[in-house]
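Chemist: sharing a sequence plus its predicted fold:
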Amino acid sequence: MKQIKELKVALVHDYLREYGGAERVVEALHELFSDAPVFVSFTDFTVTGIHAKKFLGWDIRESWLTKVPLYKKLFSPLRIFAPNYFSSFDLSDYDVVISSTNAYFSKAVTVKKGNKKALHITYCHTPARSLYGYTTMTDWKSNPITRVAGMLINYYLRIIDVQIARNNVDFFIANSQETKRRIEKFYRLDSTVIYPPIEIDENKKFSNTAQLPEKNGYFLIVGRIAASKHVDLAVKTATKLGFSLKVVGSGKGIEYLRSIAGETVEFLGGVDDKTLSDLYENATALLYPAEDEDFGMVPIEAMGHGVPVIAHRSGGPLETIREGENGYFFDAFTIESLGSVIEKLLKTKWNKQKIYDYALQFSKGRFKKEISAFILECYNPPMGGGYEKKTTRGGRSSNS
């Protein structure tokens, strides 16, 4: 049986265009397999901004999409061809292929050539939100043209997506119980949950006594500016109620947010890891009004600094927030609903050490150990000229 470092591994990711939770997962996988090439549909490090330096020195291999004129602007409508971008890669020379996927079909990679076959494991952040009725980065349904075109494309891609999931992948890893339910619902396949890696200083110490939040502190928003994140609700609430809000992140909707923001709202754009850590450290609380989030790494990052979280009562945060212990939920996307919970949070005594201790279970070290164990459990030496086909249904141990 090969050890984890003896395996020849290839990593596959939808694209490297931004830096969010999915990219942090790929970054952790690359730390585990530093020699592994990373196959992507395309890269656009002008959008990645200050985080582009994280990928310096990587062996990144792009698809034929990069030969299409204006592909960096048209990558979204061109997703109808995305399965072919990845199926054009031949990865049969590797022992293990790990695809990291959300919406751009990286799990469509080809891992078999003749009798030789790599083991294909997919780390699924969520089945594509646009295909299965969840809110997305943009409000594409508001335009009649994009709504009709999008519905037709999505109908076709849903069929392809299910076929690829069932035929191309040996094992699915879900980033949360929420995503596990989606994989079961849409693909009729089982998966194993391995929570994503969160950067946490494992040597922090806080006062063990519960304390009220300091007066005149600030609330924090961290993440991409997207329709599904409902950052506008936080901005409107801060403006109406007059509390200080710092917004970290960028996106197409930033100018609109500026136009509705009052004097108490500050937009910081993208920041480096040290600055972000300092912002977490001194925040009163994190606001996380994302809708139907698949997991939600940002709330755990905040908890890793002893900071409580206010999140919408949906998706992944339902697995990680314990009301009254590390945060609260709000129910409706209204200023009144969010505002009332903010007032409740400000009247609650919080034990920062207890919040921090809870977050430690989601550390990057834990992720690497669980991923390594999972790969070794799934991997079998070639027998009879190839690997025995394994099905995702039934989890790690089931064979077809």
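Modeler: Everything's here; your move. Numbers count the residues shown, from 1 in each chain.
Chemist: what's the first helix or strand after the lowest-mean-pLDDT helix or strand in the chain?
Modeler: Ranked by mean pLDDT, DSSP states H and E, the weakest helix or strand in the chain is strand 112-113, scoring a mean of 71. Counting by DSSP states H and E, the next helix or strand C-terminal to strand 112-113 is strand 116-117.
Chemist: pull up the pairing partners for that following strand, direction included.
Modeler: strand 112-113 (antiparallel) (DSSP bridges).
Chemist: residue ranges of the helices in the stretch 51-200 of the chain, please?
Modeler: Here the stretch 51-200 of the chain has its helices, by DSSP state H, counting those that start in this stretch, at 71-74, 82-87, 144-168, 177-187.
Chemist: same question for the first one: list its buried residues.
Modeler: If I follow you right, that is helix 71-74. Residues 71-72 are the ones in helix 71-74 that count as buried (16 or more other CB atoms under 10 Å). To be clear about C-beta, it is placed using only N, CA and C from the backbone, and glycine gets the same treatment.
Chemist: the longest one too?
Modeler: If you call a residue buried by 16+ other CB under 10 Å, then helix 144-168 has these buried ones: 146, 150, 153-154, 157-158, 161-162, 164-165, 168.
Chemist: just name the closest of the residues you listed to Y94, please.
Modeler: Y94 has its nearest neighbour among the buried residues of helix 144-168 in N168, at 14.5 Å by CB to CB.
Chemist: and the gap between the closest one and F39?
Modeler: From N168 across to F39, the span is 14 Å (CB to CB, to the nearest Å).
Chemist: mutual contacts of these two, please.
Modeler: Any residue near both N168 and F39 by CB atoms under 8 Å, 6 or more residues apart in numbering counts here, and that gives V109.
Chemist: give me the neighbour count for the closest residue to G217 other than its chain neighbours.
Modeler: Of all residues not flanking G217 in the chain, T284 sits nearest, at 3.7 Å (CB to CB, 6 or more residues apart in numbering). T284: 21 surrounding residues under other CB atoms under 10 Å.
Chemist: isn't T284 right up against L212?
Modeler: No - with contact defined as CB atoms under 8 Å, T284 and L212 do not form a contacting pair (10.2 Å).
Chemist: identify the contacts common to those two.
Modeler: In contact with both T284 and L212: L346, using CB under 8 Å, 6+ apart.
Chemist: residue contacts, D161?
Modeler: By CB under 8 Å, 6+ apart, the neighbours of D161 are 105, 127-128, 131, 186.
Chemist: again, only this time at 7 Å
Modeler: Contacts for D161 (CB atoms under 7 Å, 6 or more residues apart in numbering) come out as 128, 131.
Chemist: what's the answer for F206, then?
Modeler: Contacts for F206 (CB under 7 Å, 6+ apart) come out as 306, 352-353, 356.
Chemist: now swap in N351 and tell me
Modeler: Contacts of N351 (CB under 7 Å, 6+ apart): 208, 210.
Chemist: now with 8 Å, please.
Modeler: 206, 208-211, 325 are the contacts of N351 under CB under 8 Å, 6+ apart.
Chemist: just give me the least confident of these.
Modeler: Lowest pLDDT of the contacts of N351: N208, 87.
Chemist: please enumerate the helices of the stretch 201-350 of the chain.
Modeler: Going by DSSP H, counting those that start in this stretch, the stretch 201-350 of the chain shows helices at 231-241, 254-260, 273-282, 297-303, 317-320, 335-346.
Chemist: redo those as JSON lines? Include mean neighbour count, mean pLDDT and distance to H51.
Modeler: Listed next are those as JSON lines, based on neighbours: other CB atoms under 10 Å; pLDDT from 0 to 100; distance: least, CB to CB, whole Å:
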{"stretch": "helix 231-241", "mean neighbour count": "21", "mean pLDDT": "97", "distance to H51": "19"}
{"stretch": "helix 254-260", "mean neighbour count": "13", "mean pLDDT": "95", "distance to H51": "17"}
{"stretch": "helix 273-282", "mean neighbour count": "14", "mean pLDDT": "95", "distance to H51": "9"}
{"stretch": "helix 297-303", "mean neighbour count": "26", "mean pLDDT": "98", "distance to H51": "14"}
{"stretch": "helix 317-320", "mean neighbour count": "19", "mean pLDDT": "97", "distance to H51": "24"}
{"stretch": "helix 335-346", "mean neighbour count": "17", "mean pLDDT": "98", "distance to H51": "29"}
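Chemist: TSV please, covering the ones you listed and showing distance to Y71.
Modeler: Output for the helices of the stretch 201-350 of the chain, formatted as TSV (distance: least, CB to CB, whole Å):
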stretch	distance to Y71
helix 231-241	28
helix 254-260	24
helix 273-282	30
helix 297-303	28
helix 317-320	35
helix 335-346	39
